[in-house]
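1. give me a 3D structure for the following:
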Amino acid sequence: MIEEEKPIRVLIADDHLIIREGMRLILEAENGFELIGEACNGEEAIHLANELHPDVVLMDLRMPGMGGLQAMEYLRRDQPDLPVVILTTYNEDDLMKQGLRAGARGYLLKDTDRTSLFNALRAAVRGETLLQPEILSRLLAEPERGSPHVSTRRGLQLTDRESAILAAIAQGERTKEIALHLGITERTVKAHLASIYNKLGVDSRAAAVAVAAQQGLLPQPPD
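-> Predicted coordinates:
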């Protein structure tokens, strides 16, 4: 007998009750997902995450008391393998980049469609970063100069292979997919990723994409 795949257990942190209720209805109507907890601020999100051990957290950035960015810092310290997907009404580039640098595996606006939501959650649980095309385009459109959130490293250079791998992870490709289309082993991809992280001073794919975009190290999206 084939064992059924366990549903993805989701914790949502948002100070608006109507958003939490809406997300519950959406997730309950989709096979493969289960909303196991709801938090109205960052402190409660941390408490519930430590108590319930969700597979992924949907995190609003602006909440009363402790906001999402600060909560992500605590979660990253206490549960470094717990993926967080940002869900926000704020279409602000700076917040987006801060969230990705803090380790978020995705960035969704609250008017996103159901398919994008489900895909982002599944990708996050797989350990991948998945950004909507419009979000990625904005992230790559204009690298910041003199950003207080990024310490630009003078003379920073990536090899051609590292640049190709960085561009691939920015598009949400998995290690296996990158290895296949570059004709190298997954172990080699991981070694290049380690070098990229070291050069950029980051420790996650999302942060690497955010920092690389700010420093103009990613190819610009086509017009």
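2. Leu121: helix or strand, and which one exactly?
-> Here Leu121 sits within helix 114-125, counting by DSSP states H and E.
3. gap between that helix and the chain center?
-> 11 Å (CA atoms, centre = their mean, to the nearest Å).
4. which secondary structure elements does that helix contact?
-> Counting contacts by 3 or more CB pairs under 8 Å, 6 or more residues apart in numbering; DSSP states H and E, helix 114-125 packs against strand 8-13, strand 56-59, strand 84-88, strand 106-109. Using the backbone N, CA and C atoms, a C-beta is placed for each residue, glycine as well.
5. what mean pLDDT does the third one get?
-> The one in question is strand 84-88. For strand 84-88, mean pLDDT is 89.
6. just checking, what packs against that strand?
-> Against strand 84-88 (3+ CB pairs under 8 Å, 6+ apart) you get strand 56-59, helix 68-78, helix 93-101, strand 106-109, helix 114-125.
7. mind checking pLDDT for Pro133?
-> 65.
8. pLDDT weak spots in this protein?
-> 1-4, 90-93, 132-134, 136-155, 219-223 (pLDDT under 70).
9. mind checking the longest helix of it?
-> Once the chain is assigned using DSSP state H, the helix that runs over the most residues is helix 186-200.
10. okay, that one in PDB with CA atoms only?
-> Output of helix 186-200 as PDB, limited to C-alpha atoms (Å, rounded to 0.1, in the frame of the first residue of the first chain):
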ATOM      1  CA  GLU A 186      25.400  18.400  -8.200                       C
ATOM      2  CA  ARG A 187      28.500  18.200  -5.900                       C
ATOM      3  CA  THR A 188      30.300  20.700  -8.200                       C
ATOM      4  CA  VAL A 189      27.200  23.000  -8.200                       C
ATOM      5  CA  LYS A 190      27.200  23.000  -4.400                       C
ATOM      6  CA  ALA A 191      31.000  23.800  -4.300                       C
ATOM      7  CA  HIS A 192      30.400  26.800  -6.600                       C
ATOM      8  CA  LEU A 193      27.500  27.900  -4.400                       C
ATOM      9  CA  ALA A 194      29.700  27.800  -1.300                       C
ATOM     10  CA  SER A 195      32.300  30.000  -3.200                       C
ATOM     11  CA  ILE A 196      29.500  32.400  -4.200                       C
ATOM     12  CA  TYR A 197      28.200  32.600  -0.600                       C
ATOM     13  CA  ASN A 198      31.700  33.300   0.700                       C
ATOM     14  CA  LYS A 199      32.400  36.000  -1.900                       C
ATOM     15  CA  LEU A 200      29.000  37.800  -1.200                       C
END
